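Participant: Could you work out the structure for the sequence below:
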Amino acid sequence: MIHVQDLAGVVLNVAKTRPADFSTVVAVDRGEATIGEVVKAISTVLQSGEVKNVGPDEYLAFMTEEKEPHINSVQLGLNVKMAFDRAEALNYGPESESWVSGNGFVANIDKIVEEYRKWRGVVPIRVLFYGPPATGMHPTEDGKVMLARDFAEEYQVNYISVPELVEEFKAMAPFAEGGTDLSTKIQEATAEEGAVVPEELVQEMVQRKLQQPACRNQGFVLENFPETREAAEALFDVDTIPAEGEAPPEEEEAAAGEGQEPPPKKAPLPTTVFSLYAEEEFLLTRIAALGEEEAAAQGLTEEEFQTKMAAYNAANAPDEEGQPAGLVELYRQNQAKGCEQVVEIVVDNPLEFVQDKIRMSIGEPRNYDPNKSRREREAKAAADVARKEADAAAKKAAEDEASRSEREEQARLDADRLQKLQEEERESLLLRSQPMRKYLMDNVLPTLTLGLQEVAKVRPNDPIDFLAEYLFNADPQLT
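Facilitator: Numbers count the residues shown, from 1 in each chain. Next up is the predicted model:
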């Protein structure tokens, strides 16, 4: 293997020097690594470090399923021993400073990954949403939108939730069994029901989370954490500004005790801080719209709101001279350390306005493929949609079949009725086509004779009416 810049340098020097005694130049670096070591290095820096080894059958199946040319097509199984004694002629000897990645891919993996991020535009998105209580929540007709969670979902960035982190570390094995010393401390701190995790453990927990590959590579979203300037200085790699007359604090390298894991490094600053703001009266109205039960679930009862509001005001209070000195100001003072912008957003504007301002500040989503949990959610959602579509199609087919059967039955009844009417019409026409005398003799006179006999027998008061009723009852067609 060889870095593309080193390859370009070798080609350039060959073109410049035109060595006559070089029939063939094979450009490689000094690193010796197997494909397994290369994959392991990539996985360690970009993912969890896990590598899946596949057998011959699975590998062959994978090779045949690929539509694009596979890496195997550019591999050549030659046993070649490289000698670098002639490389000095091309200014790429063992001690040459021309090398960009002379020690090989694995040895320079961190540098190569940084180059990859830069040129591919997948720089980690590190964002902090910070503001008074209830500013990160926006009610809608369908419920509510949590700005930080919604942003993390749209930009495929890890949302850091302290309660969820506590449960994650509590579920880990003890340090002696391959877990972490921190997980043991948290398990001990939360052994009693209702116990609260100490702030120093919460801070260390967040620090370790932010050092994980997913947060290093994709970025993270924090919401209202840390809550004070002191906590931010302890969590992030910031330039602290000492008070007047005090010396700058010295960096201390904490050492791990026996049987303990090493302390975490300070996390990189968020590149963007969204400073949310709204009048207190507006926030109280927003909370009141939630209802008592929902407000309690969100930790936004009136008493809790006032406590959090007072803490926010204290964390962002100016100094004795009235100059900004709070938590938000700390981020503004650390642009050189990576906090590129502090964006102020008034959240009493419409939701679309707030979200558009957030998107304009960050730009288009730029990241790696969705993580495993997101892929699983999307696969489940796609399966649910497919199942619902299949159910709807089956229901429609059943309804169509029932409707078709009903139409066929109605058509059969209509055909029978029409046939009966046609038969009656034919009989009627047949009768009317006979001579009148024959018709009267065959159809009228017999009934009329019987009617007259009945009149003579009954002797009604109104013979005419009696005869008419008799004829009608005998054969309605005679009347």
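
Participant: what's the residue closest to the geometric middle of this protein?
Facilitator: Centroid check for the chain by Cα atoms, centre = their mean gives Glu153 as the closest residue, at 4.6 Å.

Participant: so what's that residue up against?
Facilitator: Tyr159 (Cβ atoms under 8 Å, 6 or more residues apart in numbering). C-beta coordinates here come from the backbone N, C-alpha and C atoms, glycine included.

Participant: Skip ahead from the helix or strand where it lies and say which helix or strand is next.
Facilitator: When elements are assigned from DSSP states H and E, Glu153 belongs to helix 147-155. Moving toward the C-terminus from helix 147-155, the next helix or strand (DSSP H and E) is strand 158-159.

Participant: Contacts for that next one, please.
Facilitator: Contact partners of strand 158-159, identified using Cβ under 8 Å, 6+ apart, comprise Ala148, Arg149, Ala152, Glu153, Ala214, Cys215, Gln218, Gly219, Phe220, Val221, Glu223, Asn371.

Participant: Just the buried ones from the residues you listed?
Facilitator: Listed as buried from these are Ala148, Arg149, Ala152, Ala214, Cys215, Gln218, Gly219, Phe220, Val221, Glu223, Asn371; burial here means 16 or more other Cβ atoms under 10 Å.

Participant: pretty sure the fifth one contacts Lys209?
Facilitator: Yes. Counting by Cβ atoms under 8 Å, Lys209 is a contact partner of Cys215 at 6.4 Å.

Participant: shared neighbours of the two, anything?
Facilitator: Joint contacts of Cys215 and Lys209 (Cβ under 8 Å, 6+ apart) are Ile160.

Participant: could you list every residue that touches the closest residue to Lys144 other than its chain neighbours?
Facilitator: Closest residue in space to Lys144, ignoring its immediate chain neighbours: Met137 at 5.5 Å, by Cβ to Cβ, 6 or more residues apart in numbering. Applying Cβ under 8 Å, 6+ apart to Met137 gives the contacts Lys144, Val145, Met146, Leu147, Arg286, Gln298.

Participant: What distance do you get for the third one to Ser43?
Facilitator: The one in question is Met146. Per Cβ to Cβ, to the nearest Å, Met146 is found 32 Å from Ser43.

Participant: Let me know the average pLDDT across the helix holding Glu153.
Facilitator: For helix 147-155, mean pLDDT is 92.

Participant: Test my guess that Gly318 contacts Val328.
Facilitator: Careful, residue 318 is Pro and not Gly. No. The criterion here is Cβ under 8 Å, and Pro318 misses it with Val328 at 11.3 Å.

Participant: Compare neighbour counts for the two and give me the winner.
Facilitator: Val328 (21 against 11; other Cβ atoms under 10 Å).

Participant: State whether Phe220 is indeed within a strand.
Facilitator: Yes. Applying DSSP: H, G, I helix; E, B strand; the rest coil, one finds Phe220 inside a strand.

Participant: what does the average pLDDT come to for stretch 418-428?
Facilitator: On average, stretch 418-428 scores 87.

Participant: How about stretch 223-236?
Facilitator: pLDDT averaged over stretch 223-236 gives 93.

Participant: Just the endpoints, please. Distance across it?
Facilitator: 15 Å (Cα to Cα, to the nearest Å).

Participant: Next, the buried residues of that stretch.
Facilitator: In stretch 223-236, counting by 16+ other Cβ under 10 Å, buried: 223-229, 231-236.

Participant: with the contacts of Met137 in mind, which one is nearest to Leu60?
Facilitator: Using Cβ to Cβ, Met146 comes nearest to Leu60 of these, at 47.3 Å.

Participant: The closest one contacts Ala134, doesn't it?
Facilitator: No. Using Cβ under 8 Å, Met146 makes no contact with Ala134, being 10.9 Å away.

Participant: Neighbour count for the two, which is higher?
Facilitator: Neighbour count, other Cβ under 10 Å: between Met146 and Ala134, Ala134 has more, with 26 against 16.

Participant: Provide a list of residues in contact with the more buried one.
Facilitator: Applying Cβ under 8 Å, 6+ apart, we find Ala134 in contact with Ala278, Leu283, Arg286, Ile287, Gln298, Leu300, Phe305.

Participant: min pLDDT across the residues you listed, which one?
Facilitator: Least confident of the contacts of Ala134 in the model: Gln298, at 87.

Participant: Quick check: that residue touching Leu290?
Facilitator: Yes. Assessed by Cβ under 8 Å, Gln298 is found in contact with Leu290 at 6.9 Å.

Participant: List the residues that are in contact with both of those two.
Facilitator: Counting by Cβ under 8 Å, 6+ apart, no residue touches both Gln298 and Leu290.

Participant: how much space is there between the residue nearest to the centre of the chain and Glu399?
Facilitator: In this structure, Glu153 and Glu399 are 37 Å apart, going by Cβ to Cβ.

Participant: And the contacts of Ala134, which is closest to Arg404?
Facilitator: For those, the nearest to Arg404 is Gln298 (53.3 Å; Cβ to Cβ).

Participant: Having no further points to raise, I will conclude here.
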